[in-house]
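Enquirer: Structure of the sequence below:
(one chain, ligands or ions: 1)
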Amino acid sequence: MKDTFKHQGMRKQLADVLRKKGIKDAAILKAIETIPRHLYLDSSFESHAYQDKAFPIAANQTISQPYTVAFQSELLRIKSGANILEIGTGSGYQTAVLLEMGAKVYSIERQQELYKKTKLLLSKLGYRPKQLIFGDGYKGLEEQAPFDGIIVTAGAPFVPKPLLSQLKVGGRLVIPVGEDPQIMTLFTRTSEKAFAKEEFGEFRFVPLLEDKN
Ligand code: SAH
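Expert: Below you'll find the predicted structure:
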């Protein structure tokens, strides 16, 4: 697992691309510059790692486009030490971004193959999420709730109720909603009973599937 000056240079360029596309949060740009994204793809696809593109990973899933990762992370408005739940661990790249930003991260993946592979990879790379869970993200993670933020990294046909109810007051749920494409949606819990909803345009994700396999 090599990380060379060339890789580091390409990451800086990728961060510049994201800055030009409107990403402002310095902690996110720094995370993009820091994380060796090429190690989250199969080595034969290394040359694709620092383009601003989604890419296939194991089990017919994708590593999200860097711009999408940055955009969702920005919507979460993470403060260091925040408790964040991620639905759809996938390659672990988004998990790594959240950890670099100083969040305490819980992440759920429904594909056992990916869950195992990514657990190993993150630990090899020295990332320490609070918990990686093999399970169904539709249910959230009641035992660790409430969360400052919840990020869903697969396209949700509807907004799962448990995810709303597991937010702190003031907490934020960032979720792409719809079939194809999805609308990036932010729910902010404004009180025990009320949520504010904002929409941020179209994105494309693999679907959030029910249950685990
Ligand atoms: N954050 C990931 C995105 C991976 S794609 C990354 O940056 O690589 C979305 C992931 O969500 C896939 O790995 C898919 O298996 C997972 N997923 C789909 N439905 C799910 C569910 N109900 N619960 C948990 N994970 C789910």
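
Enquirer: what about the nearest residue to Gln144 once chain neighbours are set aside, neighbour count?
Expert: Spatial nearest neighbour of Gln144, excluding adjacent residues (C-beta to C-beta, 6 or more residues apart in numbering): Tyr106 at 5.5 Å. In short, each C-beta sits where N, CA and C put it, glycine included. Other residues near Tyr106 number 25, with proximity taken as other C-beta atoms under 10 Å.

Enquirer: my read is Tyr106 is in a helix, agree?
Expert: No - Tyr106: not assigned to a helix; according to DSSP: H, G, I helix; E, B strand; the rest coil it is strand.

Enquirer: So it sits against Leu85, correct?
Expert: Yes - between Tyr106 and Leu85 a contact is recorded at 4.9 Å, counting by C-beta atoms under 8 Å.

Enquirer: shared neighbours of these two, anything?
Expert: Each of 141, 144, 147 lies in contact with both Tyr106 and Leu85 under the rule C-beta atoms under 8 Å, 6 or more residues apart in numbering.

Enquirer: I'd like to know how far the second one sits from Ile151.
Expert: The one in question is Gln144. In this view, Gln144 and Ile151 are 15 Å apart by C-beta to C-beta, to the nearest Å.

Enquirer: Of the two, give the one with the bigger neighbour count.
Expert: With neighbours defined as other C-beta under 10 Å, Gln144 and Ile151 compare such that Ile151 has more, 29 against 15.

Enquirer: How about the residues of the chain by the ligand?
Expert: The chain has residues 61-64, 69, 87-88, 90-91, 93-94, 108-111, 114, 136-138, 153-154, 206, 208-209 near the ligand, with proximity defined as C-beta under 6 Å from any ligand atom.

Enquirer: could you point out which element follows the strand ranked longest in the chain?
Expert: Longest among the strand segments of the chain by residue count, using DSSP state E, is strand 167-177. Once the chain leaves strand 167-177, the next helix or strand it forms, by DSSP states H and E, is strand 182-189.

Enquirer: what lines up beside that next one in the sheet?
Expert: The strands that strand 182-189 pairs with in its sheet are strand 167-177 (antiparallel), strand 195-203 (antiparallel) (by DSSP bridges).
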